[in-house]
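Undergrad: here is my input; please provide its structure:
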Amino acid sequence: MLWGMSNIPAQFTGVRKNYGTVEALRGLDLTIRPGELLSLLGANGAGKTTAVRALLGLIKPGSGRVEVFGGDPRDARSRTRLGAMLQVARVPETLRVREHIHLFSSYYPDPLPMPEVIAAAGLVGLERRKFGELSGGQQKRVLFALAICGNPDLMILDEPTVGLDVEARRALWKQIRAFVAGGRSVLLTTHYLAEAEALADRVAVIHRGVVVKEGSPRDIKGDSATLEDAFIDLLEAS
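TA: Model (predicted):
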């Protein structure tokens, strides 16, 4: 079902989701605004993955409402406005970089031109390389290219820099910043608090299925020396 269109990239309203007796989300209220990078922080089991899966239309909330630009995330028209780079992603290792991008682009009505995707993801010179021949950092760049090739208005990045060295992480940060600078929105989940502090316009801390605090990284940090210190103090107080 498609609801009325909206310029709000994504919104959770009173979203609840149980897995048996486990309450993964307990009335989640959260909005992703136009042109911002929102970092969703939380310990393991806080509900981040369930929120991401609901936003991608992979699961249906038990109650409440998840909207993508005012539409149902399970509707095809809503999904084509999303791009996703998930922590666990498997693509055929024998396909070449260009072949992967061409295939994923075919799923979208208005994909970006191939040269633009290659340049934005930092893959110039690697177009003919097989995915399995690439380094870990290069493979991450390909997954980023697959997330942006459909020309999405909202991109979901789930732990995008896990396993990357400092240089590769900084290179991906640059690409993410360029995407947001183009007026698009990003939902970022990360366990690297320095990453959230460096990239996020706004941070939402989720604990036991609800947002316990949100604001700019500076607002969240308050008088604490680092965002990580503030995060730990906040979880201990919740």
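Undergrad: need the single longest helix in this structure, by residues.
TA: The residue-count maximum for a helix in the chain (DSSP state H) belongs to helix 166-181.
Undergrad: list the buried residues of that one.
TA: Neighbour counts over helix 166-181 (16 or more other CB atoms under 10 Å) mark 168-169, 171-172, 175-176, 179-180 as buried. No exception for glycine: its C-beta is placed from N, CA and C like everyone else's.
Undergrad: first to last residue in stretch 74-85, what's the distance?
TA: In stretch 74-85, first residue to last residue: 18 Å (CA to CA, to the nearest Å).
Undergrad: that stretch: how far from the chain's middle?
TA: 12 Å (CA atoms, centre = their mean, to the nearest Å).
Undergrad: name the residues that touch it?
TA: Contact with stretch 74-85 is made by 1-2, 55-57, 60, 68-69, 71-73, 107-109, 143-144, 146-150, 152-158, 160, as judged by CB atoms under 8 Å, 6 or more residues apart in numbering.
Undergrad: from the residues you listed, which ones fall inside strands?
TA: Mapping the contacts of stretch 74-85 onto strands (DSSP state E) picks out 68, 154-158.
Undergrad: sorry, back to before: the longest helix of the chain packs against which elements?
TA: Other helices and strands packing on helix 166-181, by 3 or more CB pairs under 8 Å, 6 or more residues apart in numbering; DSSP states H and E, are helix 114-120, helix 136-148, strand 185-189, helix 193-199.
Undergrad: for that helix, give the mean pLDDT please.
TA: Mean per-residue pLDDT for helix 166-181: 91.
Undergrad: could you do stretch 90-98 as well?
TA: On average, stretch 90-98 scores 93.
Undergrad: please apply the same query to stretch 188-205.
TA: 94.
Undergrad: which positions within that stretch qualify as buried?
TA: Those would be 188-190, 192-193, 195-200, 202-205, for stretch 188-205 by 16+ other CB under 10 Å.
Undergrad: which residues outside it are in contact with it?
TA: By CB under 8 Å, 6+ apart, stretch 188-205 touches 30, 33, 36-42, 48-49, 52, 157-162, 169, 173, 176-177, 180, 211-217, 219-221, 226-228, 231, 234-235.
Undergrad: tell me where the model's unsure across the chain.
TA: For the chain, the stretches with pLDDT under 70 are 1-5.
Undergrad: let's see that with 80 instead.
TA: 1-6, 87-89, 238 (pLDDT under 80).
Undergrad: show me where it has helices.
TA: Under DSSP H, the chain gives helices at 48-55, 76-79, 97-105, 114-120, 136-148, 166-181, 193-199, 217-221, 227-237.
Undergrad: highest mean neighbour count out of those helices?
TA: Among the helices of the chain, helix 48-55 has the highest mean neighbour count (mean count of other CB atoms under 10 Å), at a mean of 23.
Undergrad: and that one, what other elements does it pack with?
TA: By 3+ CB pairs under 8 Å, 6+ apart, helix 48-55 packs against strand 10-19, strand 22-32, strand 37-41, strand 63-68, strand 154-158, strand 185-189.
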